[in-house]
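Visitor: Quick one, what's the 3D model for this:
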Amino acid sequence: MKCDMVRDLLPSYAEQLTSAYSNDEIEKHLSSCMECRQYYQQMTEPIGSSLPILDAEEVEKLDYLKKVRKKNKQTLFLSIFAVLVLVMAVIGLFAIGLPVSSKDVKISYQNVNDRLEVHLTLENGKDLIFSNKSKFIYDEDHNVVGYETRYTPKGVFHNPFDDVGKEMMLGMQNHSSSDYKSIFILEFKDKTMTFVDGILVK
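Guide: Sure thing, here's the model as predicted:
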C-alpha cells in the first residue's frame with residue numbers, strides 16, 4: 001500500500017472499522033514506514049498529552065499578568081466613577097444649583113394691577129435661578145378654591161456661555177374673591193416667605 005492510501009484508511013483502522021485484509025496491509029506498511037507510523041501515533045495519542053507543561057516560572061508569569069489585568073480593570077472602573085462624579089458636580093454647580101439664604105438676596109415686592117411682583121437680586125457673586133412647583137388647592141368637596149406656586153431660589157456658578165444673571169422678577173395674579181386664594185411662596189435655605197393674594201403673611 002502507498003502512504004496516501006494508508007493515511008486515508010488510518011482513521012477507520014483506529015476505530016477498528018477496516019477489514020482483516022486491510023488491517024494486515026496497514027500493519028505491514030506501518031512496520032516499514034516511519035512517517036506513517038508517527039502520523040498514526042499522533043492521531044491516536046490522548047488529547048492533552050501533547051500540550052506543553054508549564055513550569056513554575058511560567059505559572060508565576062501568568063498569575064502576574066492576571067493580577068495586572070485585574071488591577072487595570074479596577075483602575076478603569078475607578079476612573080469612570082471619578083469622571084461621573086466630576087460631571088455630576090459640574091452639572092450641580094453650573095446648572096442645578098443650591099438653595100440660597102435670604103441673607104444673600106435683596107428682595108423687594110409690590111402689587112401692580114392686581115398682580116404680585118417680587119424682585120430678587122442675588123448678592124453672593126453667583127447667578128440666580130429657581131425651581132418651582134404649582135398646584136391647585138381644593139376644599140373638602142373637591143372644588144378648586146385657590147392656586148399655590150412655590151419657588152426655590154438657587155445659586156449657580158457663573159457660566160459665561162449661559163449668562164442667566166443675578167436678578168429675577170417673579171409674579172402671580174391676585175384674586176379679589178374671598179372664595180379663591182392665590183398663594184405665592186418663596187423658599188430660601190433659612191426661611192420661607194408666603195404671600196396670600198399679594199400680602200405677605202409670614
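Visitor: Any idea how many residues pack against residue 121?
Guide: Number of residues near residue 121 (other Cβ atoms under 10 Å) recorded here: 14. All C-beta atoms are positioned from the backbone trio N, CA, C, and that covers glycine.
Visitor: Can you tell me who it pairs with across the strands?
Guide: residue 106, residue 167 (DSSP bridges).
Visitor: Output the lowest mean pLDDT helix or strand found in the chain.
Guide: Lowest on mean pLDDT, DSSP states H and E among the helices and strands of the chain sits helix 56-91, with a mean of 81.
Visitor: can you pull out the strands in the protein?
Guide: Secondary structure of the chain (DSSP state E): strands at 98-99, 105-111, 115-122, 127-138, 144-156, 167-173, 181-187, 192-196, 199-200.
Visitor: Among those, show me which one is buried the most.
Guide: strand 181-187 (a mean of 20; mean count of other Cβ atoms under 10 Å).
Visitor: Can you list the low-confidence ranges for the chain?
Guide: Per-residue confidence for the chain (pLDDT under 70) gives these ranges: 47-55, 90-96, 160-163.
Visitor: Please tell me how far the spatially most central residue of it sits from residue 186.
Guide: What sits nearest the mean C-alpha location of the chain, by Cα atoms, centre = their mean, is residue 84, with 7.7 Å. For residue 84, the distance to residue 186 equals 33 Å [Cβ to Cβ, to the nearest Å].
Visitor: distance of the residue nearest to the centre of the chain from residue 78?
Guide: Distance from residue 84 to residue 78, by Cβ to Cβ: 11 Å.
Visitor: for residue 168, same thing?
Guide: From residue 168 to residue 78 the distance is 40 Å (Cβ to Cβ).
Visitor: Likewise for residue 43?
Guide: 51 Å.
Visitor: cool, residue 143 as well?
Guide: 57 Å.
Visitor: try residue 181
Guide: 54 Å.
Visitor: just residue 27 next, same as before
Guide: Separation of residue 27 from residue 78 (Cβ to Cβ): 66 Å.
Visitor: do residue 30 as well
Guide: With Cβ to Cβ as the criterion, residue 30 and residue 78 are 62 Å apart.
Visitor: more neighbours, these two?
Guide: A direct count of neighbours by other Cβ under 10 Å for residue 30 and residue 78 places residue 30 higher, at 19 against 10.
Visitor: What is the neighbour count of the closest residue to that one other than its chain neighbours?
Guide: Of all residues not flanking residue 30 in the chain, residue 37 sits nearest, at 4.9 Å (Cβ to Cβ, 6 or more residues apart in numbering). Residue 37 has 14 neighbours, counted by other Cβ under 10 Å.
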